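Peer 1: pasting the structure only:
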Ligand SMILES: Cc1cc2nc3c(=O)[nH]c(=O)nc-3n(C[C@H](O)[C@H](O)[C@H](O)COP(=O)(O)OP(=O)(O)OC[C@H]3O[C@@H](n4cnc5c(N)ncnc54)[C@H](O)[C@@H]3O)c2cc1C
């Protein structure tokens, strides 16, 4: 009988295991792939503040691909540009595969057992314990535990087996790492709010150095890779992709901040993408999922120490993570859907309107990659934006949702 078993060796699973182990309890992590960090379906853009919040302010240098990011350039389909920047570096680009491996090495040093090749196929609870049934490549057929933290990522299979919901608002994404991108500025990520190439989301260029970048799009429709190719060869970008080489291709999906209605039940907690703990505006999930994961690890360890695995005890996990960021997610979701409701001309008008000195000051002082509600509230106090917001807001309210 194990004390805590974490299902999933991504950042959410590993961070919850690391936190739980600090309380000197027994923790086992089960990962379905044959290696931690095997696939890298992520752009790896992480805020420095966020990393501090999840206890990772000092990452090893070989994980970091770019540490010079100070802001973002946001483009409309018509080429208008809005720069949102801070005075100093505030985000890092990391190699997500190495990042996961680093978390696994911390876990290993703390004495956490990690079993790869261990897919959990089935989960069932009896009155006191959890039984995990493993797939055919696993060392064991079944494992019993007192409490299980489910961190399966974007398409969780186990949530519903224990009567919990799963995130259902999903964006499909495709990303290439490309060598030979012209005119890169290592200090800025580029975001393209263009419905034709990224319906329901946006396109991005995230520089690794002066020539290599992660270029991707998110889309409501599949295949995302086709949208990405169209994006690269669009009139707006084709000059910058004159002669280039794709070094790596990846695809994935992002739950768009529709966090699940309930993330706990008797003997079970759900964390990370599996709980929909991602930012609806950008899809980023490492930091928010990481914050929730640390809370989950702490609560799971306390449950073991107190011998109380009931949902009434575990409820505090959900209370705490919701207090940390649920309101922010709800506001960001509204912003995401509002932006999606605008056509290319309206996006262009908005970008032009915000590209003024006084708004730059707001972005510099209130900008926070992980918590964007402060900017929204401040912009709403600007009366000159109201005619545009009322006109487009009315359309947004009464228009049939596209997805
Ligand atoms: C193209 C793209 C770009 C992104 N860019 C960013 C970004 O720049 N910044 C950011 O913060 N976020 C980004 N994200 C989101 C980020 O990748 C996720 O939010 C993050 O990886 C979620 O971590 P997780 O641990 O919850 O899930 P995952 O990273 O998906 O890990 C889940 C793990 O569980 C394992 N697993 C699944 N089921 C089982 C099972 N039944 N048994 C055992 N193991 C199992 C999987 O193999 C996997 O290793 C991006 C996502 C995509 C698709």
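Peer 2: Here it is on my side, so go on. Since we're looking at a predicted model, the values are computed, not measured. Numbers count the residues shown, from 1 in each chain.
Peer 1: so where is the chain shaky, pLDDT-wise?
Peer 2: 257, 367, 400-403 (pLDDT under 70).
Peer 1: residues in contact with the residue positioned nearest the centre of the chain?
Peer 2: Among the residues of the chain, the one closest to the centroid is residue 285, at 1.7 Å (Cα atoms, centre = their mean). If you count contacts by Cβ atoms under 8 Å, 6 or more residues apart in numbering, residue 285 has them with 12, 254, 255, 272, 273, 277, 278, 279. For every residue, glycine as well, the C-beta is placed using N, CA and C.
Peer 1: Same question for residue 218, what's its three-state structure.
Peer 2: Using DSSP: H, G, I helix; E, B strand; the rest coil, the three-state assignment for residue 218 comes out as strand.
Peer 1: which residues in the stretch 251-400 of the chain form helices?
Peer 2: For the stretch 251-400 of the chain, applying DSSP state H, counting those that start in this stretch gives helices covering 286-306, 311-341, 344-354, 357-366, 373-380, 386-398.
Peer 1: which among the contacts of residue 285 gets closest to the ligand?
Peer 2: Nearest to the ligand among those, counting by Cβ to the nearest ligand atom, is residue 272 at 2.2 Å.
Peer 1: Setting aside sequence neighbours, what's the nearest residue to the closest one?
Peer 2: residue 12 (2.5 Å; Cβ to Cβ, 6 or more residues apart in numbering).
Peer 1: How about residue 236?
Peer 2: Here the residue nearest residue 236, using Cβ to Cβ, 6+ apart, is residue 79, at 6.1 Å.
Peer 1: Can you report how many residues neighbour the one you found?
Peer 2: Neighbour count for residue 79, taken as other Cβ atoms under 10 Å: 10.
Peer 1: would you say it is within a helix?
Peer 2: No: in this structure, residue 79 is coil, not part of a helix, as judged by three-state DSSP.
Peer 1: Over to residue 28. Which of the three states is it?
Peer 2: strand.
Peer 1: Compute the distance between it and residue 371, please.
Peer 2: Here residue 28 is placed at a distance of 33 Å from residue 371 (Cβ to Cβ, to the nearest Å).
Peer 1: same deal with residue 264?
Peer 2: Counting by Cβ to Cβ, the gap from residue 264 to residue 371 is 24 Å.
Peer 1: Also residue 261?
Peer 2: For residue 261, the distance to residue 371 - Cβ to Cβ - is 22 Å.
Peer 1: which of those two has more neighbours?
Peer 2: Legend: neighbour count by other Cβ under 10 Å for residue 261 and residue 371, higher for residue 371 (22 against 9).
Peer 1: what's the neighbour count on the residue nearest to residue 166 when sequence neighbours are not counted?
Peer 2: Once flanking residues are discounted, residue 166 sits nearest to residue 159: 4.5 Å by Cβ to Cβ, 6+ apart. Using other Cβ under 10 Å, residue 159 has 22 neighbouring residues.
Peer 1: any idea which helix or strand carries the residue lying farthest from the centre of the chain?
Peer 2: Largest separation from the mean C-alpha position in the chain: residue 127, at 34.3 Å (Cα atoms, centre = their mean). Here residue 127, judged by DSSP states H and E, is contained in no helix and no strand.
Peer 1: And for residue 227?
Peer 2: Residue-wise, residue 227 maps onto helix 224-232 under DSSP H and E.
Peer 1: Checking that helix against the ligand, do any of its residues make contact.
Peer 2: No: judged by Cβ under 6 Å from any ligand atom, helix 224-232 makes no contact with the ligand; its nearest approach is 8.5 Å.
Peer 1: Using the record's domain definitions, break this protein down for me.
Peer 2: 2-56+95-167+260-331, 70-94+169-255, 342-398 (automatic domain parsing).
Peer 1: right, so those: which one is the most enclosed?
Peer 2: domain 2-56+95-167+260-331 (a mean of 21; mean count of other Cβ atoms under 10 Å).
Peer 1: Endpoint to endpoint, that one covers what distance?
Peer 2: With Cα to Cα, to the nearest Å as the measure, the first residue of domain 2-56+95-167+260-331 is 40 Å from its last.
Peer 1: And for stretch 350-361?
Peer 2: Stretch 350-361 has an end-to-end distance of 17 Å (criterion: Cα to Cα).
Peer 1: Quick one: residues in contact with that stretch.
Peer 2: So stretch 350-361 is contacted by 74-76, 80-85, 193, 342, 379, 382, 385, 388 (Cβ under 8 Å, 6+ apart).
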